[in-house]
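Visitor: Sharing a model that was predicted from the sequence below.
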Amino acid sequence: MLNGNRLFPAESAARSVAVKLYESIHNLPIISPHGHTDPQWFAENKPFPSPAALLLQPDHYIFRMLYSQGVSLESLGVPQVDGKQQADPREAWRIFARHYYLFRGTPTRLWLDYTFQEQFGLKDRLSADNADEYYEHIDKLLQTPEFLPRALFEQFNIEVLATTDAATDTLEQHQKIRASGWKGRVLPTFRPDSVVDAEYIGFHDNLKLLGEVSGKDVSTWKGYLDALRQRRAFFKENGATATDHGHLTAMTADLPLGEATALYERIYTGKTNPGDIELFQAQMLTELAGMSVEDGLTMQLHPGSIRNHNAKVYAKFGRDKGADIPSPTEYVRGLRPLLSKYGNEPNFTFILFTLDESTFSRELAPLAGHYPCLRLGPPWWFHDSPEGMMRFRETATETAGFYNTVGFNDDTRAFLSIPSRHDVARRVDCAFLGKMVAEHRLDEDEAFELAQDLTVNLVRKAYKL
């Protein structure tokens, strides 16, 4: 099913170098510093319930494509807000198999083919004819000790895996992992969106919970900031090295104390003026950057997604169901207040992501090529693809270089896709470096050093791992 030279250049000289580079790095450990896998998997280490529950139902890359072609999410067993998940997992799998042709040419197809072959030994293309054979084979393997979550973690050669956790999370599952004595390194990441975005569902209840878990009076601006500091310290005590922020824009602000206090009072009471919600998020990015300067946690910003675009799907199935759509994003003016205050701080690492590729050469690479704190995150979400990764290297390298980037992260909820996604990233980087060597723009010994750096060294440094 899989060709050993996939994703390498068609031109022979560049391909020859890419192959050698890949051979030098493909067995290096996986470092996954940002993702959405469930820490409960590793805390409890129980068998995954079915092939559909493991591979299909948590992966919005899969079911959004099926939905776009008229397949209902109900028929796939995607969990609903009211707790319903009525579809038979075997029948959901059959539907998936009948529509496997929809993934031709997509990165999802690359990931799935790799998973089927490398993890399950299945080399015939998935189809309606072999759907039951696939299901039974995978289901049988999932009941074996070799396919328990911790065993897969070790089999995948994962050095570090970071989850994404709400600011109010108890981190109970992470504490269970550490108390168990298992050596797998699963770290939390502090994500405060639910207590920063006043449009987030249950925002005021989330603020109340923040006050309860932190022991701070969040009715005041100072108490609210103290509560966030307390939670960050708690996350850090439990192994966190980074924070993550999923704002709609990259707008930041630096308000005087009196204005910030008055703004928070309006947010807290719900008596907001037009523009207050966006301004509050902008102010909070700057406040949280200051906290990163204090505590050393690496800061990540993932802007530019209009979330839950499909109101009907959101109402029935909730967040993260494939209906988040990219939007144009501006960085130069938006980030200036934050960077004016903290951009030159030596203890601050700020990783910028984008869904707006037009900003790489125009805004992000020039910013990262100047400010000491800035690093460029890898192609994310809709651009986590061979073409997106290659475009990133082509547009960002000439201004930001390689060393203002941070390697690759998979940002996935689908656990079994982690090795395949990292393999794609490693192959694309080797293809890019091989082409540079073939064009005499880079010496071969430098390419070998860069291949190592792009695979493990830059990510370890950026995330302080």
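Guide: Sure, I can see it.
Visitor: Longest helix in this structure, please.
Guide: In the chain, taking DSSP state H as the definition, the longest helix is helix 417-438.
Visitor: relative orientation of the following helix or strand past that helix and helix 417-438 in degrees?
Guide: For helix 417-438, the succeeding helix or strand toward the C-terminus, using DSSP states H and E, is helix 444-452. Relative orientation of helix 444-452 versus helix 417-438 (axes from the mean of the first three to the mean of the last three Cα atoms, to 10 degrees): 160 degrees.
Visitor: Give me the distance from the very next helix or strand once past helix 444-452 to the chain's centre.
Guide: Moving toward the C-terminus from helix 444-452, the next helix or strand (DSSP H and E) is helix 458-462. Computed by Cα atoms, centre = their mean, to the nearest Å, the chain-centroid distance of helix 458-462 equals 16 Å.
Visitor: Distance of the residue positioned nearest the centre of the chain relative to residue 352?
Guide: For the chain, the residue nearest the mean C-alpha position is residue 411 (2.2 Å; Cα atoms, centre = their mean). Residue 411 sits at a distance of 14 Å from residue 352 (criterion: Cβ to Cβ, to the nearest Å). C-beta here means a position set from N, CA and C on the backbone, and glycine is covered the same way.
Visitor: what's the answer for residue 106, then?
Guide: Distance from residue 106 to residue 352, by Cβ to Cβ: 26 Å.
Visitor: so residue 219 makes contact with residue 269?
Guide: No - counting by Cβ atoms under 8 Å, residue 219 does not reach residue 269; the two are 9.1 Å apart.
Visitor: Of the two, give the one with the bigger neighbour count.
Guide: Between residue 219 and residue 269, residue 219 has the larger neighbour count (other Cβ atoms under 10 Å), namely 14 against 10.
Visitor: How about the contacts made by the nearest residue to residue 166 once chain neighbours are set aside?
Guide: Of all residues not flanking residue 166 in the chain, residue 194 sits nearest, at 5.3 Å (Cβ to Cβ, 6 or more residues apart in numbering). Neighbour list for residue 194: 166-168, 200, 202-203, 206 [criterion: Cβ atoms under 8 Å, 6 or more residues apart in numbering].
Visitor: between the residues you listed, which is nearest residue 118?
Guide: For the contacts of residue 194, the closest approach to residue 118 (Cβ to Cβ) belongs to residue 166, at 33.1 Å.
Visitor: Give me the neighbour count for that closest one.
Guide: Taking other Cβ under 10 Å as the criterion, the count of residues near residue 166 is 18.
Visitor: Check what pLDDT it gets.
Guide: Looking at residue 166, its pLDDT reads 98.
Visitor: in the sheet, who's paired with it?
Guide: Per DSSP bridges, the residues bridged to residue 166 are residue 191.
Visitor: Now for it: which residues touch it?
Guide: Neighbouring residues of residue 166 by Cβ under 8 Å, 6+ apart: 191-194, 206.
Visitor: And it, how close does it get to residue 202?
Guide: For residue 166 relative to residue 202 (Cβ to Cβ), the value is 11 Å.
Visitor: Now do the strands in the stretch 101-250 of the chain.
Guide: Secondary structure of the stretch 101-250 of the chain (DSSP state E, counting those that start in this stretch): strands located at 158-162, 165-166, 186-187, 190-191, 242-245.
Visitor: Adding distance to residue 320 as columns, could you present those in TSV?
Guide: Converted to TSV, the strands of the stretch 101-250 of the chain look like this (distance: least, Cβ to Cβ, whole Å):
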stretch	distance to residue 320
strand 158-162	17
strand 165-166	13
strand 186-187	20
strand 190-191	13
strand 242-245	14
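Visitor: okay, those, which one's buried deepest?
Guide: Ranked by mean neighbour count, the strands of the stretch 101-250 of the chain are led by strand 190-191 with a mean of 26 (mean count of other Cβ atoms under 10 Å).
Visitor: Show me where the stretch 101-250 of the chain dips below the pLDDT cut-off.
Guide: For the stretch 101-250 of the chain, no stretch is flagged by pLDDT under 70.
Visitor: what's stretch 308-325 in contact with?
Guide: Residues outside stretch 308-325 that contact it (Cβ under 8 Å, 6+ apart): 36, 60-61, 63-64, 67, 73, 78-81, 305-307, 413.
Visitor: oh, I was asking about stretch 368-375
Guide: Contacts of stretch 368-375 (Cβ under 8 Å, 6+ apart): 339, 342-346, 348-352, 367, 376, 396, 399-401, 404-406, 462.
Visitor: try it again with 7 Å
Guide: 339, 342-346, 348-352, 367, 376, 399-400, 404-406, 462 (Cβ atoms under 7 Å, 6 or more residues apart in numbering).
Visitor: End to end on that stretch, go ahead and measure it.
Guide: 6 Å (Cα to Cα, to the nearest Å).
Visitor: Give me the mean pLDDT for that stretch.
Guide: On average, stretch 368-375 scores 98.
Visitor: Centre of the chain to it, how far?
Guide: On Cα atoms, centre = their mean, the centre of stretch 368-375 falls 21 Å from the chain's centre.
Visitor: buried sites along that stretch?
Guide: Neighbour counts using 16 or more other Cβ atoms under 10 Å place 368, 371, 373-375 of stretch 368-375 among the buried residues.
Visitor: Check stretch 340-350 too.
Guide: Of the residues in stretch 340-350, 342-343, 345, 348-350 count as buried by neighbour count, 16+ other Cβ under 10 Å.
Visitor: same deal with stretch 326-337?
Guide: Neighbour counts over stretch 326-337 (16+ other Cβ under 10 Å) mark 326, 329, 331, 334-335, 337 as buried.
Visitor: List just the nearest of these to residue 420.
Guide: Nearest to residue 420 out of the buried residues of stretch 326-337 is residue 326 (Cβ to Cβ; 22.9 Å).
Visitor: in the sheet, who's paired with that closest one?
Guide: Counting by DSSP bridges, residue 326 forms beta bridges with residue 305.
Visitor: got a list of what it touches?
Guide: With contact set as Cβ under 7 Å, 6+ apart, residue 326 has these partners: 304-305, 355-356, 382.
Visitor: export the residues you listed to CSV and tack on distance to residue 284, neighbour count and pLDDT?
Guide: Listed next are the contacts of residue 326 as CSV, based on distance: Cβ to Cβ, whole Å; neighbours: other Cβ atoms under 10 Å; pLDDT from 0 to 100:
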residue, distance to residue 284, neighbour count, pLDDT
304, 17, 25, 95
305, 18, 19, 94
355, 21, 21, 97
356, 22, 19, 97
382, 26, 15, 93
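Visitor: wait, which of those is closest to residue 30?
Guide: Nearest member of the contacts of residue 326 to residue 30, counting by Cβ to Cβ, is residue 382, at 22.2 Å.
Visitor: could you list every residue that touches the closest one?
Guide: Shown in contact with residue 382 (Cβ under 7 Å, 6+ apart): 326, 355.
Visitor: try residue 48
Guide: Contacts of residue 48 by Cβ under 7 Å, 6+ apart are 54, 142.
Visitor: Three-state assignment for it, please.
Guide: Here residue 48 is coil, with the state taken from DSSP: H, G, I helix; E, B strand; the rest coil.
Visitor: Tell me where the stretch 251-400 of the chain has helices.
Guide: Assigned by DSSP state H, counting those that start in this stretch, the helices in the stretch 251-400 of the chain fall at 257-269, 276-295, 311-317, 336-342, 359, 365-368, 386-400.
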